[in-house]
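# sequence and predicted structure are below.
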Amino acid sequence: IKISLSTQPRSMVFESVRCGDVDFGLVLSDKPPEGLKSHALKVARLCLFVSSTHALARRSRLNLTDLASVPFVVGPQKTEYTEMISRVLTHNGLSQYSVAARISNFEGVKEVVHAGLGIGLLPSFMIKREIRDGALRELKVNDFTGSATIMQLERVERLVAQELEQLAAPGPAADERTHA
């Protein structure tokens, strides 16, 4: 068995699985990609967060309207992850929001938010340590919900081929069969 681990944008993971370059892929998404078999492994809560020194960090509870004037730190335009964040924000009534910075990796998003430049939205497990250490503060926003699922992806064709191989596999030899 050979296992190789690489970190890639989701669109590249989707393509690698579709083309058969890899046997499976793992992604974090709010919806399964088209044309691939997906298996949910874990649902992750998405959290809005700011620097612990940000003015919003001092408020115990917020409304969605409180976020309208504060820019967000998101990923590059037209990436699947940024589109997911946009879908989550739109679902929660924030279809129009400004962008402070576009960062291509999660660690960079945390650093820019920590510098006080805006609001971030990442899975809770990704900011757990920084929240615990006091560098970042999760925003408690009334009526805000967001989640994404860690999914295992496989090609549909590969699964069908495996099932056909099992059906075509020869059974016990004729002389080994027993009759009742």
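Nice, thanks for sending it over. Residues are numbered from 1 along each chain as shown.
# ok, the top strand by length along the chain: who's next to it in the sheet?
In the chain, assigned by DSSP state E, the strand with the most residues is strand 36-51. Taking DSSP bridges as the criterion, strand 36-51 forms sheet pairs with strand 120-123 (antiparallel), strand 136-138 (antiparallel), strand 147-155 (antiparallel).
# pick out the shakiest of those strands, pLDDT-wise.
Sorting the strands paired with strand 36-51 by mean pLDDT places strand 147-155 lowest, at a mean of 93.
# how many neighbours does Glu111 have?
By the criterion of other C-beta atoms under 10 Å, Glu111 has 17 neighbours. From N, CA and C alone the C-beta is placed, and that goes for glycine too.
# what pLDDT does the model give it?
pLDDT at Glu111 comes out at 97.
# how about the one 4 residues further on?
For Ala115, the model assigns a pLDDT of 97.
# ok, it - contacts?
Ala115 makes contact with Ser51, according to C-beta atoms under 8 Å, 6 or more residues apart in numbering.
# returning to that earlier point: what would the strands paired with strand 36-51 look like in CSV with mean neighbour count and distance to Ser51?
What follows is the strands paired with strand 36-51, written out as CSV (neighbours: other C-beta atoms under 10 Å; distance: least, C-beta to C-beta, whole Å):
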stretch, mean neighbour count, distance to Ser51
strand 120-123, 24, 9
strand 136-138, 20, 6
strand 147-155, 18, 23
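# thinking Met151 is in contact with Val43, fair?
No. Using C-beta atoms under 8 Å, Met151 is not in contact with Val43, being 10.1 Å away.
# what sits closest to the most centrally placed residue in the chain if chain neighbours are left out?
The centre of the chain sits closest to Leu28, judged by C-alpha atoms, centre = their mean, with a distance of 2.4 Å. Nearest residue to Leu28 in three dimensions, chain neighbours excluded: Ala148, at 5.0 Å (C-beta to C-beta, 6 or more residues apart in numbering).
# can you check Val88 too?
Gly146 is the one closest to Val88 (C-beta to C-beta, 6+ apart), at 4.3 Å.
# swap in Ser52?
Using C-beta to C-beta, 6+ apart and skipping residues adjacent in sequence, the residue nearest Ser52 is Arg137, 4.8 Å away.
# Val27 now?
Nearest-residue entry for Val27: Arg10, 4.9 Å, with adjacent residues in sequence omitted and distances by C-beta to C-beta, 6+ apart.
# ok, how many other residues are close to the one you found?
Residues near Arg10, counting by other C-beta under 10 Å: 18.
# that one contacts Gly75, doesn't it?
No. Between Arg10 and Gly75 there is no contact under C-beta under 8 Å: 10.2 Å.
# done for today, thanks.
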